[in-house]
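Enquirer: The following block contains a protein sequence and its predicted model.
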Amino acid sequence: MTAGWEESPPPIRRRPAIPWALMEQHLEEAAFLWTQWEHDLGAPALPWADVEQGNERRLVANLDALELGGLPVARRILLPALDGDDVEWIRVATYVLSGLEGSEGREAIVDRLLRANEDESSALLRAVELRGGSHLAPTLLLLLPRLASPQQARLLSALRFLGVDPGTALNAIPLEEHDSVRAEKVRLVGLLPRSEAAPLLLRGLSDGSALVREAALEEALVLGLPEAWDRCNRWVSAREGGRVARLGAAISGGPRELESLVSLLEEPAQRDEGLWALGFSGRLQAAEAIFQELMRNGTPLAAECFAAITGLLPGEPFWEEAEPDDEEADEDAPPVALALAPSALPGPVTDRKKVPRIDEVARWWTEARGRFDPAGRYLRGQPFTGAALATELETGPMRRRPALLLEVAFRTGGAPRVEPRAWTSHQRQQARGIASLRPDIFVRKPSAR
């Protein structure tokens, strides 16, 4: 060693400074993109791939950036956002905080839920759903008695989304007997074994609340209870059923059920809902009824439902651009709250930027009608098979996907049961087996499975 030489101390490694302005920008962009993405999930003219590669991809990138910031970002940016009154910021903060190590973030989420109003709790629980926050389930169950009925119903919906069965613990919790709470309790019955679920769902079909009956009907159809299929047509005929009943009548395929739906077209207040349901039938009888309505009124909704069965092409010469109407309310504008409400089947909203050219559609149908077998079932003009359905889920409008996915659950006993409000990557995993489903299950009466 050279005399007088002293070894240099190792350099001090400093953590790179956190770009706070950039992190705040990530929060703002994630909040905005999340609302846009929720709207995309129910958009009337947007296909799946555009959602996945568009707003969802950008949203996830911003959420990941916030999560990489760790506890310093959580304490300086996310905890104040969670404590504020901006529901979009609450949603983002909850998502990131629930995934951090330690209990600080989860304790803050629980505390905020206890102080939240209906919109705030909905945003918070939506974040828990998408985060996969089943680890919070035991704590959330204990909070149920301390929440108002709308928050109780939303929390039960979140537990169902996560696939968490509260089991006997739920029976021990005193809940408000609000219709929305009882409806969500009925939906959770679907997680029980068939021997336990069937009698409870049959009882729900006779409940005094339409909300509870509709929830019981959906789960009973998944379970394949014959009584549930009988109720579909009975309720549609009596104008008592909601969208689940109309969907059940449409896909059951019988002339009697389709006649009940066609009769809805004669009532202006029921016409759009009747068209929407008939569009999922796939039967020539339904296509003919929709075509007649299209000839009478020429609405874009009738044309869309007709195309869903027959495969009428989306561009020229059958469609033309609609004239803009500045005074028309923008019904497609994304609200701050969730665009696709939990436990709700989307209804008749269509693309208003184009209108059908009636003469061209009529000319085409005169030639194309002979290709359709009255005994068959069709999707976009092709025989209704698992492969055709997989293509429709990929390329068709997002607004139609929840009903199509619910039909799969009805026909397969819930295997697969794809959650249309999940991340698209999760939906892809859940939907992997749809293309290989046997073609006959989409044609025969579902009650025969």
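Expert: Cool, got the structure.
Enquirer: show me where pLDDT drops low in this protein?
Expert: Scanning the chain for pLDDT under 70 picks out 1-16, 167-169, 171-176, 325-343, 447-449.
Enquirer: 80 instead?
Expert: The model of the chain has pLDDT under 80 over residues 1-17, 133-134, 165-177, 253, 323-344, 350-352, 445-449.
Enquirer: Who are the packing partners of the longest helix seen in it?
Expert: Using DSSP state H to define each element, the chain has its longest helix at helix 20-40. Other elements packing on helix 20-40 under the criterion 3 or more C-beta pairs under 8 Å, 6 or more residues apart in numbering; DSSP states H and E are helix 48-53, helix 55-68, helix 87-97. Just so you know, the C-beta spots here come from the backbone N, C-alpha and C atoms, and that holds for glycine as well.
Enquirer: give me that answer again for 6 Å
Expert: helix 55-68, helix 87-97 (3 or more C-beta pairs under 6 Å, 6 or more residues apart in numbering; DSSP states H and E).
Enquirer: Let's see whichever helix or strand comes after the longest one as CSV, backbone CA atoms only.
Expert: Reading on from helix 55-68 to the C-terminus, the next helix or strand found by DSSP states H and E is helix 70-73. Written as CSV, here are the backbone C-alpha positions of helix 70-73 (Å, rounded to 0.1, in the frame of the first residue of the first chain):
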residue,chain,number,x,y,z
GLY,A,70,-44.9,3.1,-3.0
LEU,A,71,-45.6,4.5,0.4
PRO,A,72,-44.2,8.0,-0.2
VAL,A,73,-46.7,8.5,-3.1
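Enquirer: what about helix 70-73, distance to the chain center?
Expert: Offset of helix 70-73 from its chain centre (C-alpha atoms, centre = their mean, to the nearest Å): 32 Å.
Enquirer: Buried residues, it. List them.
Expert: V73 (16 or more other C-beta atoms under 10 Å).
Enquirer: Check stretch 313-320 too.
Expert: 318-319.
Enquirer: Now do the contacts for R239.
Expert: Contacts for R239 (C-beta atoms under 6 Å, 6 or more residues apart in numbering) come out as none.
Enquirer: rewinding a little: which one of the helices and strands packed on helix 20-40 lies nearest to P300?
Expert: helix 55-68 (24.3 Å; C-beta to C-beta).
Enquirer: hang on, the earlier thing: how far off helix 87-97 does the longest helix of the chain point, in degrees?
Expert: Interaxial angle, helix 20-40 versus helix 87-97 (axes from the mean of the first three to the mean of the last three C-alpha atoms, to 10 degrees): 110 degrees.
Enquirer: can you give me how far helix 20-40 is from the chain middle?
Expert: 21 Å.
Enquirer: Equivalent analysis for stretch 205-216, please.
Expert: When distances are taken as C-alpha atoms, centre = their mean, stretch 205-216 is centred 20 Å away from the chain's centroid.
Enquirer: How about residues contacting that stretch?
Expert: 179, 182-183, 186-187, 201, 204, 231, 242, 244.
Enquirer: got the end-to-end distance for that stretch?
Expert: 6 Å (C-alpha to C-alpha, to the nearest Å).
Enquirer: list the buried ones in it?
Expert: For stretch 205-216, by 16+ other C-beta under 10 Å, it's 205, 207, 209, 211-216.
Enquirer: Pick out the most distant pair among those.
Expert: Greatest spatial distance in these: L205 and L211, 12.7 Å, computed using C-beta to C-beta.
Enquirer: Who are the contact partners of A409?
Expert: Residues counted as contacts of A409 (C-beta under 6 Å, 6+ apart) are 222, 417.
Enquirer: can you list the residues that contact stretch 155-168?
Expert: With C-beta under 6 Å, 6+ apart as the criterion, stretch 155-168 contacts 125, 128-129, 134, 137, 140-141, 184, 187-188, 191, 342-343.
Enquirer: Nothing else from me, thank you.
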